[in-house]
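Asker: pasted the sequence and its predicted model underneath.
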Amino acid sequence: MTLEQLRIFVAVAEREHVTQAAQALNLTQSAVSAAIAALELRHGVKLFDRLGRRVALTQAGKLFLGEARALLAHSRAAEQALADLGGLKTGALNVAASQTIGNYWLPPLLARFARIYPGVALHLTIGNTHDVAELASAGEVELGFVEGESDHAELVKTAFAEDELLVVAAPALAAAYGECRAPKLPDTPWVAREKGSGTRAAFEAAVQAFDPQARRNIILELPSNEAVRMAVEAGAGLAVMSKLVVAASIAAKTLVALPCPLPKRPFYLLTHRQLYRSRAAQALLDLMD
């Protein structure tokens, strides 16, 4: 069994498609199929069921997937430990962040890191809080940055910054509400992020004081901050959003911040309890101080 075979197996398992995995790995479809067949033949176990053009993990494949991911994570850690011996002249750093942090807070920090350590390749994955926690738990990224809660026992969660939340609306709609006090907002149309995102969790916690029915009044549920912001600018409803996301729109007067007192939410760093922390990861964290 080789690391390349493990990478191929994990890529096929995650996509449930041989061709898509081959494209992601920049390999031929025949090379991917041959690697899977070699694993199955050598160990006498069937890892996938073929379902037309797609594949699905067998029970044995599902059990093996966790082990394969763990082995790849340890392999990356070993490679990074060797790269550290070069004094951050080479190497790679994989991080993940939820959308508000990844799109607004983190890029200036990554740019600064890249200027100081140009030989270290940076890779940022952006998803919601749940996605980032899963990547950090699997060891696929060294550092995870999230806005929401995570209950993974193998992860260490550390607060590192605070985010200001605002209730925003298009100017015409904002004029109809004024102060955020029940029963002032009994039938408020809300626009919200998808479940699993830190912003959605913050929304549900923040609005209870002045709109207990907010969850029932969500008229649009959208998968990104940008989609929510644009829908609110178009007059779809109100939203709870990070000041980082809406500051430019407020300055341009396409959005208005309502006078609703909301608690600040923490930003959290997620790290794996058992995995080696590379010098590159530590260098990035040092820049946050």
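Answerer: Arrived safely.
Asker: just give me the residue closest to the centre of this structure.
Answerer: For the chain, the residue nearest the mean C-alpha position is residue 127 (2.7 Å; C-alpha atoms, centre = their mean).
Asker: quick one: contacts for that residue?
Answerer: Residue 127 sits next to 96, 98, 99, 135 when contact means C-beta atoms under 8 Å, 6 or more residues apart in numbering. From N, CA and C alone the C-beta is placed, and that goes for glycine too.
Asker: any idea what the second one is bridged to?
Answerer: On the basis of DSSP bridges, residue 98 is bridged to residue 127.
Asker: residue 192 against residue 206, yeah?
Answerer: No: between residue 192 and residue 206 there is no contact under C-beta atoms under 8 Å: 11.1 Å.
Asker: neighbour count winner among those two?
Answerer: Between residue 192 and residue 206, counting by other C-beta atoms under 10 Å, residue 192 is the more crowded of the two (25 against 21).
Asker: ok, back up a step: can you list residues touching both of residue 192 and residue 206?
Answerer: When contacts are counted by C-beta under 8 Å, 6+ apart, residue 192 and residue 206 are jointly contacted by residue 240.
Asker: neighbour-wise, which of the contacts of residue 127 leads?
Answerer: residue 98 leads the contacts of residue 127 on contacts (other C-beta under 10 Å) with 30 neighbours.
Asker: how much space between that residue and residue 280?
Answerer: According to C-beta to C-beta, to the nearest Å, residue 98 and residue 280 sit 21 Å apart.
Asker: re the thing from before, now the contacts of residue 127 as JSON lines including pLDDT and distance to residue 161?
Answerer: Listed next are those as JSON lines, based on pLDDT from 0 to 100; distance: C-beta to C-beta, whole Å:
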{"residue": "96", "pLDDT": "96", "distance to residue 161": "17"}
{"residue": "98", "pLDDT": "93", "distance to residue 161": "13"}
{"residue": "99", "pLDDT": "91", "distance to residue 161": "15"}
{"residue": "135", "pLDDT": "92", "distance to residue 161": "20"}
